[in-house]
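Chemist: dropping the sequence and predicted coords here.
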Amino acid sequence: MPRYAGIATFARLPRLEDVGTAQVAVVGIPFDSGVSYRPGARFAPAAVREASRLLRPYHPGLDVSPFAAVQVADAGDIAVNPYDIGQAVATVEERVGQLAAGGASVVTVGGDHTLSLPLLRAAARVHGPVALLHFDAHLDTWDTYFGEPYTHGTPFRRAVEEGLLDTEALSHIGTRGPLYGKADLADDRRLGFGIVTAADVMRRGVDETVAAVRERIGDRPLYVSVDIDVLDPAHAPGTGTPEAGGLTSRELLEILRGLAGTRIVGADVVEVAPAYDHADITSVAASHVAYDMVSLLALRRAGAAAS
Ligand SMILES: N=C(N)NCCCC(=O)O
Ligand SMILES: [Zn+2]
Ligand SMILES: [Zn+2]
């Protein structure tokens with residue numbers, strides 16, 4: 001079958017129901033009811049699967065064939081309620097908890113950033129409080145929007161409040177753009193976050209950035225969350241809250257590759273909004289981000305099996 005034909009699964013992988021169990025599962029969450037600006041991330045899982053058809057099985061940057069090293073499968077989409085955010089959050093936590101109980105490390109293709117809260121709940125249930133590497137233009141540690149606690153701008157404050165995160169090892173990478181006020185930064189620092197701004201990445205470069213965050217992470221269980229708006233709008237126009245001055249996709253992928261050897265336990269890529277995309281630029285970038293996440297998890301799972 002040519003790669004462009006047939007029904008799309010992530011990277012043309014088998015579906016979870018066809019293989020029974022998997023060590024790494026890719027799951028889509030078509031949900032965007034938590035956004036504060038442009039909607040549309042509910043269409044990301046389908047768009048990223050389409051864009052992922054071209055991915056090939058060997059990752060030269062990480063020297064791994066992830067789909068041969070471990071069983072990787074597409075677990076389909078989680079059917080979440082678009083009208084009730086609380087219920088959607090509960091559904092995600094439950095389904096990802098089931099996948100984890102079945103032995104899978106999970107890579108999620110969102111959906112908006114609200115989803116990281118239930119994903120972190122599921123991760124913390126298995127591993128205890130986790131280190132967090134959060135790639136984003138935004139802090140997403142705001143308190144509420146219009147009085148609502150579960151939104152795409154608030155997941156990481158909720159996660160700290162709920163004790164899901166190891167507050168010694170929290171980093172934002174790619175932060176930039178105007179804030180509501182200086183207090184946003186003070187609040188964020190008080191929660192325990194360190195910031196590597198987009199300008200810091202440009203000035204220090206990839207290797208120094210990787211060294212700094214790795215020192216913070218150590219051998220803690222690590223959760224990686226990539227809001228695709230961490231990329232410059234030139235590299236990811238298809239997103240809901242774009243900010244000028246972001247990372248290139250090359251910088252993002254190279255920083256991710258620098259995480260080989262960490263104890264990564266789960267990851268998400270969120271905020272792809274295909275309606276604003278052009279020539280699949282954003283979906284292609286997100287498909288490569290997800291492929292790198294799968295590869296990092298495959299390396300860790302295969303390494304754990306060998307030792
Ligand atoms: N894209 C995410 N996750 N958050 C952006 C919130 C920015 C705002 O509401 O002004
Ligand atoms: Zn963002
Ligand atoms: Zn975000």
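Modeler: Alright, I've got the coordinates. Ligands and ions are numbered 1, 2, ... in the order given.

Chemist: average pLDDT across stretch 30-48?
Modeler: Taken as a whole, stretch 30-48 carries a mean pLDDT of 98.

Chemist: how about it: buried residues?
Modeler: For stretch 30-48, burial by neighbour count (16 or more other Cβ atoms under 10 Å) applies to 30-36, 38, 40-48. All C-beta atoms are positioned from the backbone trio N, CA, C, and that covers glycine.

Chemist: in stretch 263-282, which residues are buried?
Modeler: Quick answer for stretch 263-282 (16+ other Cβ under 10 Å): 263-274, 276-277, 280-282.

Chemist: could you do stretch 90-97 as well?
Modeler: Within stretch 90-97, the residues that qualify as buried are 91-93, 95-97, counting by 16+ other Cβ under 10 Å.

Chemist: do the same with stretch 128-140
Modeler: Neighbour count says stretch 128-140 has 129-140 buried, by 16+ other Cβ under 10 Å.

Chemist: ligand 1 next: which of these are close?
Modeler: Among these, the residues lying close to ligand 1 (Cβ under 6 Å from any ligand atom) are 138, 140.

Chemist: narrow the buried residues of stretch 128-140 to those in strands?
Modeler: Per DSSP state E, strands hold the following members of the buried residues of stretch 128-140: 130-135.

Chemist: tell me which of the buried residues of stretch 90-97 is nearest to residue 291?
Modeler: residue 96 (19.6 Å; Cβ to Cβ).

Chemist: quick check: phi and psi on the closest one?
Modeler: Dihedral angles of residue 96 (phi, psi; degrees, to the nearest 10) stand at phi -70, psi -30.

Chemist: what of the one 3 residues further on?
Modeler: For residue 99, the backbone dihedrals are phi -60, psi -40 (criterion: degrees, to the nearest 10).

Chemist: what's the answer for residue 25, then?
Modeler: Dihedral angles of residue 25 (phi, psi; degrees, to the nearest 10) stand at phi -120, psi 140.

Chemist: beta partners of it?
Modeler: Listed beta-bridge partners, residue 25: residue 73, residue 106 (assigned using DSSP bridges).

Chemist: do you know how far residue 52 is from residue 69?
Modeler: As judged by Cβ to Cβ, to the nearest Å, residue 52 and residue 69 stand 18 Å apart.

Chemist: now residue 43
Modeler: From residue 43 to residue 69 the distance is 31 Å (Cβ to Cβ).

Chemist: residue 104 too?
Modeler: Computed with Cβ to Cβ, the distance linking residue 104 and residue 69 is 14 Å.

Chemist: which one of the two is surrounded by more residues?
Modeler: Neighbour count, other Cβ atoms under 10 Å: between residue 104 and residue 69, residue 104 has more, with 26 against 21.

Chemist: these two touch, right, that one and residue 24?
Modeler: Yes. Under the criterion of Cβ atoms under 8 Å, residue 104 makes contact with residue 24 at 6.4 Å.

Chemist: what's the overlap in contacts for those two?
Modeler: Jointly contacting residue 104 and residue 24 under the rule Cβ atoms under 8 Å, 6 or more residues apart in numbering are residue 73.

Chemist: what sits against the closest residue to residue 9 other than its chain neighbours?
Modeler: Spatially, and ignoring its direct neighbours in sequence, residue 9 is nearest to residue 74 (3.9 Å; Cβ to Cβ, 6 or more residues apart in numbering). By Cβ under 8 Å, 6+ apart, the residues touching residue 74 are 9-10, 13-16, 25-27, 49.

Chemist: buried ones among these?
Modeler: Buried among those (16+ other Cβ under 10 Å): 9-10, 13, 16, 25-27, 49.
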